[in-house]
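Chemist: my questions concern the predicted model and sequence given below.
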Amino acid sequence: MQNEEHRVNVSQALSVSVEAFQREATHLEFDASCELQTAQFLTTLAASKPGGRLLELGTGVGLSTAYLLAGMNAEASLETVELEERFSAAAQRLLGQDSRVTFHVGEGEQWLRDPVQRTKKYDLIFADTWPGKFHAREAALDLLAPGGIYFIDDLFPQTNWPEGHQASVDRLRTELEDHPSLVSTFIPWASGLMVCVRKA
């Protein structure tokens with residue numbers, strides 16, 4: 001019952017209903033939205049960074065974006081990056097009225113390596129796509145402020161994984177757990193989560 005109450009309370013904080021994102025995902029045949037448990041956890045992480053700068057890699061149709069916004073205060077800001085213009089367009093239709101979020105359309109690794117981005121630091125990075133997670137990860141971590149949180153999901157097997165992907169996931173976990181600049185914890189919950197914090 002407590003988990004159900006938490007789900008309802010978080011959903012009430014959203015500016016757009018979960019069903020609206022699910023309809024967009026179905027219409028666009030997008031099958032990679034994060035689980036609702038993971039999305040709720042994002043709200044909590046975002047609330048831990050009042051006035052913070054947040055970065056999401058992989059907007060999708062905006063479900064996780066909405067949950068990040070639900071936890072942010074008025075002074076916080078979010079940048080979210082998506083490769084597919086049609087997915088980003090759906091997210092912008094649903095969330096574009098929120099001035100705290102800036103949408104970017106483009107290839108994630110190229111965006112991470114852009115000289116303009118290299119001058120920025122973020123207090124929370126949610127890497128929900130391959131750039132910044134399975135490749136160009138150090139480029140993403142270079143943008144993480146001291147004390148900042150790097151968060152990833154989908155570490156348990158997923159139906160849309162390509163063949164042989166488990167080895168890449170195992171290597172990702174090991175490299176993050178052994179990273180000299182991070183304190184990392186694997187959380188065996190939801191889709192399989194990992195929270196990493198950059199050492200001061």
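Modeler: That came through, no problem. Residues are numbered from 1 along each chain as shown.
Chemist: poorly predicted segments of the protein, please.
Modeler: Across the chain, the ranges flagged by pLDDT under 70 are 1-13.
Chemist: show me where it has its strands.
Modeler: All strands of the chain, identified by DSSP state E, fall at 53-57, 77-82, 101-105, 122-127, 144-152, 182-187, 193-198.
Chemist: contacts for the second one, please.
Modeler: Outside of strand 77-82, the residues that reach it under the criterion Cβ atoms under 8 Å, 6 or more residues apart in numbering are 52-60, 65, 68-69, 72, 88, 91, 100-106, 108, 111, 122. No exception for glycine: its C-beta is placed from N, CA and C like everyone else's.
Chemist: my read is that residue 53 contacts residue 125, right?
Modeler: No: using Cβ atoms under 8 Å, residue 53 is not in contact with residue 125, being 9.7 Å away.
Chemist: hang on, the earlier thing: now that we have the contacts of strand 77-82, which of them are buried?
Modeler: Neighbour-count burial (16 or more other Cβ atoms under 10 Å) applied to these gives 52-60, 65, 68-69, 72, 88, 91, 101, 103-105, 108, 111, 122.
Chemist: which residues touch the nearest residue to residue 74 once chain neighbours are set aside?
Modeler: Leaving aside its chain neighbours, residue 74 sits nearest to residue 100 (7.5 Å; criterion: Cβ to Cβ, 6 or more residues apart in numbering). The neighbourhood of residue 100, defined by Cβ under 8 Å, 6+ apart, consists of 69, 72, 74, 76-78.
Chemist: ok, residue 27 next?
Modeler: Per Cβ under 8 Å, 6+ apart, neighbours of residue 27: none.
Chemist: quick check, central residue of the chain?
Modeler: Nearest to the geometric centre of the chain sits residue 126, at 3.0 Å (Cα atoms, centre = their mean).
Chemist: residues in contact with the nearest residue to residue 91 once chain neighbours are set aside?
Modeler: The spatially closest residue to residue 91, leaving aside those adjacent along the chain, is residue 62, at 2.9 Å (Cβ to Cβ, 6+ apart). Residues in contact with residue 62, defined by Cβ under 8 Å, 6+ apart, are 16, 21, 24, 90-92, 94-95.
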